[in-house]
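Participant: test case, fold it:
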Amino acid sequence: MENRKNLSQKPYLTGGRLGGRIILDSSGRREEMLPPILDKLREIESAANLIDLNHRDHLIHTFNTYLLGHYFTCSSDVLERKIRVAGFLNKWSFIATAHDLAYPLEIFSKQISKYLKDVTKPAANSNIKMEFNLKNLESFVSAGGTDYFSKIQRYLDQSRIQLDIRKYFVKELSDGYIDHGIFCALLLEKLFPDYQDITEVSSAIALHNIDSKIEISIERHPLAWLLILSDELQEWDRKSSGRSELPPTGIDICIKNKRIKVKMASDRQTCILKEETIKKRLDFSEIDFGIDIQPMIKRY
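Facilitator: Model prediction:
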């Protein structure tokens, strides 16, 4: 039986306050602390659209990512069994809403690198590259005797995910790039030390932007697997000054016969690249599942 989700409805919650409305816990701490950070993301993205025409929304994207992940786990018995771990809704709402909180750091690093490349290009033998040195990084990640890098690393090791998270992050800094997923994970560890599942949440966020040959297993880290899948497929309503925006009606996602079937109002090459990216990053073999992404047939 085919399961479908009508993705044509735009979210009713907009702006920085949407985060606090979907990630409530008994203490209300997340409702209190995350909205101001989301508001800052909104402010910076408004300016980023004026500087980089290819920049696209990451704020409403978080809410749509939450809805899409929720749809996947409600539309497949297999995905529901594998992913809906104890406390799933609480953890997933936290992960989806917070996963791009630190994206402004990536905006700045990309813009500085692009500027250096553009202005030095006319000069002969010029190869200026940027390198980040986050002063006091070690003291930031080692509050109260707890090393957040080591805390996340232990969770990855227990999940049998072969990644040296500190080494990867520092290498990216030396290449002039701040990985927003890892920095966000460290920030959440620092802001929410009393949340008992914080490292399960933070490690999923740390993995979602990793550019490496690591293939994430649904058995080893189901929430990271879901975040990467939902993050990659959430392409509609991502406003941009320079890119053509994919409308809600420009994508159709359904699950049928243990396959995620996607139709996008994009050219064939874009669909092929998106499918290849997802298959490269996620292991589908453990659940005998698959994904097909095809261009949407125009109707006249």
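Participant: helices of the stretch 201-300 of the chain, residue ranges please.
Facilitator: Here the stretch 201-300 of the chain has its helices, by DSSP state H, counting those that start in this stretch, at 222-233, 268-281.
Participant: which of those is buried the deepest?
Facilitator: Greatest average neighbour count among the helices of the stretch 201-300 of the chain goes to helix 222-233 (a mean of 24), per mean count of other C-beta atoms under 10 Å. C-beta coordinates here come from the backbone N, C-alpha and C atoms, glycine included.
Participant: any idea how far residue 254 is from the residue lying closest to residue 250 once chain neighbours are set aside?
Facilitator: The shortest distance from residue 250 to any non-neighbouring residue, by C-beta to C-beta, 6 or more residues apart in numbering, is to residue 265 (3.5 Å). Remark: distance between residue 265 and residue 254 (C-beta to C-beta, to the nearest Å) = 16 Å.
Participant: tell me which residues touch residue 283, please.
Facilitator: Applying C-beta atoms under 8 Å, 6 or more residues apart in numbering, we find residue 283 in contact with 215-218, 225.
Participant: ok, the residue nearest to residue 250 - how many residues close by?
Facilitator: Other residues lying near residue 265 total 19 when counted by other C-beta atoms under 10 Å.
Participant: kindly state the pLDDT recorded for it?
Facilitator: You'll see residue 265 listed with a pLDDT of 91.
Participant: ok, back up a step: of the helices of the stretch 201-300 of the chain, which is nearest residue 114?
Facilitator: Residue 114 lies closest to helix 268-281 among the helices of the stretch 201-300 of the chain, at 22.2 Å (C-beta to C-beta).
Participant: run the angle between the closest one and helix 222-233 for me.
Facilitator: Relative orientation of helix 268-281 versus helix 222-233 (axes from the mean of the first three to the mean of the last three C-alpha atoms, to 10 degrees): 170 degrees.
Participant: any idea how far the residue nearest to residue 270 when sequence neighbours are not counted lies from residue 62?
Facilitator: Among residues not flanking residue 270 along the chain, residue 264 sits closest, at 7.2 Å (C-beta to C-beta, 6+ apart). Taking C-beta to C-beta as the measure, residue 264 falls 20 Å from residue 62.
Participant: ok, now residue 208?
Facilitator: Distance, residue 208 to residue 62, using C-beta to C-beta: 12 Å.
Participant: of these two, who's got more company?
Facilitator: Taking neighbours as other C-beta under 10 Å, residue 208 and residue 62 compare with residue 208 leading, 29 against 24.
Participant: which residue ranges of this structure form strands?
Facilitator: Remark: strands assigned in the chain by DSSP state E are 3-4, 216-217, 251-256, 259-264, 282-283, 290-295.
Participant: out of the ones you listed, which is closest to residue 160?
Facilitator: Closest approach to residue 160 among the strands of the chain is made by strand 216-217 (8.0 Å; C-beta to C-beta).
Participant: for that closest one, packing partners?
Facilitator: In terms of contacts (3 or more C-beta pairs under 8 Å, 6 or more residues apart in numbering; DSSP states H and E), strand 216-217 is packed against helix 222-233, strand 282-283.
Participant: and these: which comes nearest residue 69?
Facilitator: Judging these by C-beta to C-beta, what sits closest to residue 69 is helix 222-233, at 4.1 Å.
Participant: what is the closest one packed up against?
Facilitator: Helix 222-233 packs on helix 60-75, helix 77-83, helix 88-98, helix 198-207, strand 216-217, helix 268-281, strand 282-283, going by 3+ C-beta pairs under 8 Å, 6+ apart.
Participant: give me that answer again for 6 Å
Facilitator: Other helices and strands packing on helix 222-233, by 3 or more C-beta pairs under 6 Å, 6 or more residues apart in numbering; DSSP states H and E, are helix 60-75, helix 77-83, helix 198-207.
Participant: which outside residues touch the shortest one?
Facilitator: The contact list for helix 77-83, computed with C-beta atoms under 6 Å, 6 or more residues apart in numbering, reads 72-73, 218, 222, 226, 287.
Participant: closest to residue 95 among those?
Facilitator: Proximity of the contacts of helix 77-83 to residue 95 (C-beta to C-beta) peaks at residue 226, which lies at 8.2 Å.
Participant: my read: that closest one touches residue 69, true?
Facilitator: Yes: between residue 226 and residue 69 a contact is recorded at 5.0 Å, counting by C-beta atoms under 6 Å.
Participant: and residue 66, how many neighbours?
Facilitator: There are 25 residues near residue 66, going by other C-beta under 10 Å.
Participant: for residue 234, see how far away it is.
Facilitator: Using C-beta to C-beta, we find residue 66 at a distance of 9 Å from residue 234.
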